[in-house]
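>>> My questions are about this predicted structure, shown below with the sequence.
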Amino acid sequence: MTTLELVLALGAVDRTERDAAAAAVADLGSGALPALIGQLQDSVSPVSESVLLAVLRRIGSKAFESVLCALQASAPGKAPQRMLRVFAGFGAAALDGYVGALLLEDPTLRRAAVTAISRWSSDVPTAARHVLPLLGDTDAEVRQAAVQAFSSWGTTVMPLLQAVRIDGPGSARAGALEALAEIGGEAVISARDIAALERLARIELADDTPVPLSCCYLSWIAVPTGDQAGVMAILGLSQPRPVPFSVGVHAADIDSHGGLDADPLDAYRRVFVTPELAGWTLVVGAWCDPSATERQNAVLEACERLSTRYGRAQAYWWSATHDGSAVLIAEDGVVVRRFGYFPDEDVQHLELGAPLAYEQQRRAALELPPLAANRADTEEDADEWMWELLDLAPNLAGALGLNPLSVDASTSILGTGKLALTEYGHRLGTPPGALRR
């Protein structure tokens, strides 16, 4: 068999045949590299990326050098993703090569090298010293890769990052601050840095404009008032900090993905309280979810208190990935409707009150019979109604007042948005994570 035929045999369906070909190709060593690189560059090659990587790793340093040379021959920023993934997969044996790649001109290769070092190095202090200059890289994606590397190393690298904030290099200071925020939040950031961030926020707030609240999992309480301070007082929120609107939305979004680790209550530590938007104040964050097991009773009581003072209060949950909707409507101190829809889940325990006029109007518009306690939909009607229910939260919010997905620069705004701690945040501290636009 020719070298190319042996390499193509790596794509065999039969594992025995594939393993035999892998052993034969590895024995060829450097002589097999042109054919292997050719298959790696071919996006429709019958040989999988993982099989090619396994054989290249068996060949060793010469294979790493060949992959790197092929990547450098690509136009800047045009390196094939398949080859970049293989480049980053050589393991600890290639660490010296990755350190050298940090100095390459192509930012795509620098970024891949940072990712590889963070993945394979067992000597974190040494790896961190090599990656540290990339915190100030001229390319934004390389800088972000460096921040992510430091974040993955965790508390071990905090002293180094804190030293950078004091002694420089200056180009790396901003990246070091972001990495510190990702690792430990405000608890590990100096008072001087927090003050600097607050000064920057005040400057940015001068020309702040609202943006859609486009979170993957969006929970919010809506109150028809501009009394932001009064709403926060009733909800027991503390330590409010002014932030640009987009920063508040980002915080709510990243928090909505929390609660998956040791403490499921982490997602409830803070909320974004909007400025007055077309006569409404929104409190945004997972803590506002009217359907969450840990929060449903507290959210119900909070909306009752808010509606006693402001006439109305609403709480919603909505998934951008069609996982469902939940709504809670309170008027004059009484919850008049609570309802949730999550495909394949029994949520009868959530349901309170009679269907709203909006629900019946939407049924009529879809030519469906009115909702009634003693009548179930046919399968066809239930299917059509399901699509309405998936977006019930934002649509109902828009019909009753303000749809947060429709908020944009044209929405009238009065005041400044604030990130505030809930009772969980007061007890557990501000959540880690850098705040971004």
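Thanks, I have the structure now.

>>> can you give me the helices in the stretch 201-350 of the chain?
228-235, 245-256, 296-310 (DSSP state H, counting those that start in this stretch).

>>> so of those, which one's packed in deepest?
helix 245-256 (a mean of 23; mean count of other C-beta atoms under 10 Å). Just so you know, the C-beta spots here come from the backbone N, C-alpha and C atoms, and that holds for glycine as well.

>>> quick one: average pLDDT of that one?
For helix 245-256, the mean per-residue pLDDT is 89.

>>> Work out the gap between it and the centre of the chain.
Centroid separation for helix 245-256 versus its chain: 9 Å, with C-alpha atoms, centre = their mean, to the nearest Å.

>>> now stretch 420-430
With C-alpha atoms, centre = their mean, you get 21 Å for stretch 420-430.

>>> Compare the helices of the stretch 201-350 of the chain and report which one is nearest to I183.
For I183, the closest of the helices of the stretch 201-350 of the chain is helix 245-256, at 14.3 Å, according to C-beta to C-beta.

>>> Mind giving me the packing neighbours of the closest one?
In terms of contacts (3 or more C-beta pairs under 8 Å, 6 or more residues apart in numbering; DSSP states H and E), helix 245-256 is packed against strand 217-223, strand 270-273, strand 281-284, strand 418-421.

>>> what number of residues lie near V243?
By other C-beta atoms under 10 Å, 25 other residues sit near V243.

>>> right, and it touches L419 too?
Yes: counting by C-beta atoms under 8 Å, L419 is a contact partner of V243 at 5.2 Å.

>>> can you give me the strands for this protein?
Here the chain has its strands, by DSSP state E, at 217-223, 238-242, 270-273, 276-277, 281-284, 312-319, 325-331, 334-341, 413-414, 418-421.

>>> how about these in CSV, adding mean pLDDT, distance to V67 and mean neighbour count?
What follows is those, written out as CSV (pLDDT from 0 to 100; distance: least, C-beta to C-beta, whole Å; neighbours: other C-beta atoms under 10 Å):
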stretch, mean pLDDT, distance to V67, mean neighbour count
strand 217-223, 97, 40, 26
strand 238-242, 92, 47, 16
strand 270-273, 96, 45, 27
strand 276-277, 97, 52, 20
strand 281-284, 98, 46, 27
strand 312-319, 97, 41, 25
strand 325-331, 97, 48, 25
strand 334-341, 96, 50, 19
strand 413-414, 94, 52, 15
strand 418-421, 94, 45, 22
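
>>> In this structure S214 contacts A252, no?
No: contact between S214 and A252 fails when scored by C-beta under 8 Å: they sit 10.1 Å apart.

>>> Run through the residues that contact T321.
C216 (C-beta atoms under 8 Å, 6 or more residues apart in numbering).

>>> Distance-wise, check it relative to C288.
Using C-beta to C-beta, to the nearest Å, we find T321 at a distance of 19 Å from C288.

>>> ok, now P240?
P240 sits at a distance of 16 Å from C288 (criterion: C-beta to C-beta).
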